[in-house]
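Novice: Have a look; sequence and predicted model below, questions after that.
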Amino acid sequence: MRLRDRTMALMRKGYHFSGWLRAQDSGSDGAATPMRLFGGRTLVVRGPEAVELFYDPARVERHGATPGPIADTIFGRDGVQGLDGLEHRKRKRLFLDVTAPDRVSELADLVAGKWKLELDRWVRNRTGTVFPTALSVFGEAVQEWAGVDDAPVVMAGRSADLAEIVDGFWSPSGVWRARRARTRADAWAAGLIKDVRAGRRRPAPRSASAVMAQATDLRGETLPTSTAAVELLNVLRPTIAVAYLASFAALELEANPDLNDGCASGDPRAVEEFCQEVRRMCPMTQLLAGRSRCPFTWRQHEVREGDRLLLDVYGADHDPDAWVDASTFDPSRFRDGAAQRRDFIPQGGGAETGHRCPGEGITLALLKTVVPAMARLDWSIHPDDRAMSLRRIPARPGGGVRLLDVRRHHLRDVG
């Protein structure tokens, strides 16, 4: 059967691609759709069994799965995302060490202090903008936490570069800005790694900059400077990207005022459920890429060695057949253990020691820090900022979520 090339449809439709694809493939069970993408044979897979397939190292690998220009821009060259086997497990251990619960708690404490100062400023000025504020706070906090001791204005410029990488890596109009930002970020991180190795900088032993500077490969040799730099950025960049989720959280707080008091009180269960539902509902990761290690058949589709497999992340988290009222924001769905479902994969799935994103703990900790603080204020969102285009990857509310008439509410001024 001749496979149709869907590359242009993917680029044009953005997050709508998942639903459009299922409509095109209405005659199947919806679990797999073959096509050509970026010039190669591709099978888009979805559902709990697809998650198991995608994270089965005997059948699927990551090396070379993401098209080179995209991978080099968003992940960096020779980063952990493109490794497999023992090499991947050793490199992944670095990220698990850096993001250990006590370290994540330290980062959340840094964010909490900086976020409070910004919200105090919002109240004084009666206005604020969520997205750029979150970029600034998360960016400065994660750099300090990672062992970077530059002046705030310097760290702000670096945060802007890392945000530009996330914002433009997929967009034809933004990719060159993203590439330039990537070049600057790589050069800075390589310089920092050299300084740490030479003793010119002495970050805390468990900080990300120290851990990556001292990292070794399977032979016990120190990682190349450029590789260590890429892995340092693979800690900083995703943390700054949580600003997107903070923006969506503000939209949901306004749209669901009945949930505000539970979040404002700091009730752990209410905050946890709200933040998990933000992760499920909000458009971040669309697809994850792998390659088949060997020929196999899945759902009556023949997969050749080297074929690309794409896990439909956005489609899984919005699947109307899998989630009751999937398009409705309903944190209560997470009271029954939904966070442990195989098809709840906002940042990927699989085992912690595999290719599952090690930044999930950071994402939740930062959201659980900023959401209650925003819920303790009264405000309204600028009408133009409630809309966004799902054709854009990553999606972002217009205007950065500008808040109007910001003030404290005496019933919410707690904690």
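Specialist: It's in. For clarity, every value in this text was computed on a predicted model and none was experimentally measured.

Novice: number of nearby residues for residue 105?
Specialist: Neighbours of residue 105 under the rule other C-beta atoms under 10 Å: 12. Glycine gets a C-beta too; all of them are placed from N, C-alpha and C.

Novice: what sits against residue 359?
Specialist: Going by C-beta atoms under 8 Å, 6 or more residues apart in numbering, residue 359 touches 95, 99, 235, 238, 239, 347.

Novice: what residues are up against residue 331?
Specialist: Residues near residue 331 by C-beta under 8 Å, 6+ apart: 259, 270, 273, 274, 276, 277.

Novice: give me that answer again for 6 Å
Specialist: 273, 274, 277 (C-beta atoms under 6 Å, 6 or more residues apart in numbering).

Novice: what's the answer for residue 263, then?
Specialist: Shown in contact with residue 263 (C-beta under 6 Å, 6+ apart): 270, 271, 274, 371, 372, 375.

Novice: of those residues, closest to residue 341?
Specialist: Checking the contacts of residue 263 against residue 341 by C-beta to C-beta gives residue 274 as the nearest, at 17.5 Å.

Novice: where's the closest one, which helix or strand?
Specialist: Using DSSP states H and E, residue 274 sits within helix 268-281.

Novice: ok, and what's touching whatever helix or strand comes next after that helix?
Specialist: The first helix or strand that comes after helix 268-281 along the chain, using DSSP H and E, is strand 287-292. With contacts defined as C-beta under 6 Å, 6+ apart, strand 287-292 is touched by 54, 60-62, 65-66, 303, 305-311, 313, 348.

Novice: okay, the host helix or strand of residue 244 in CSV with CA atoms only?
Specialist: For residue 244, the host element (DSSP H and E) is helix 242-255. Listed next in CSV are the C-alpha coordinates belonging to helix 242-255 (Å, rounded to 0.1, in the frame of the first residue of the first chain):
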residue,chain,number,x,y,z
VAL,A,242,6.8,25.2,32.9
ALA,A,243,5.9,28.9,32.4
TYR,A,244,3.5,27.7,29.7
LEU,A,245,1.7,25.5,32.2
ALA,A,246,1.6,28.3,34.7
SER,A,247,-0.2,30.4,32.1
PHE,A,248,-2.7,27.7,31.4
ALA,A,249,-3.2,27.3,35.1
ALA,A,250,-4.2,31.0,35.4
LEU,A,251,-6.7,30.5,32.6
GLU,A,252,-8.3,27.5,34.4
LEU,A,253,-8.4,29.4,37.7
GLU,A,254,-10.5,32.1,36.1
ALA,A,255,-12.7,29.7,34.2
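
Novice: how far does it sit from the chain's center?
Specialist: Here helix 242-255 shows a centroid-to-chain-centroid distance of 14 Å under the convention C-alpha atoms, centre = their mean, to the nearest Å.

Novice: do stretch 133-152 as well
Specialist: Relative to its chain's centre, stretch 133-152 lies at 18 Å (C-alpha atoms, centre = their mean).
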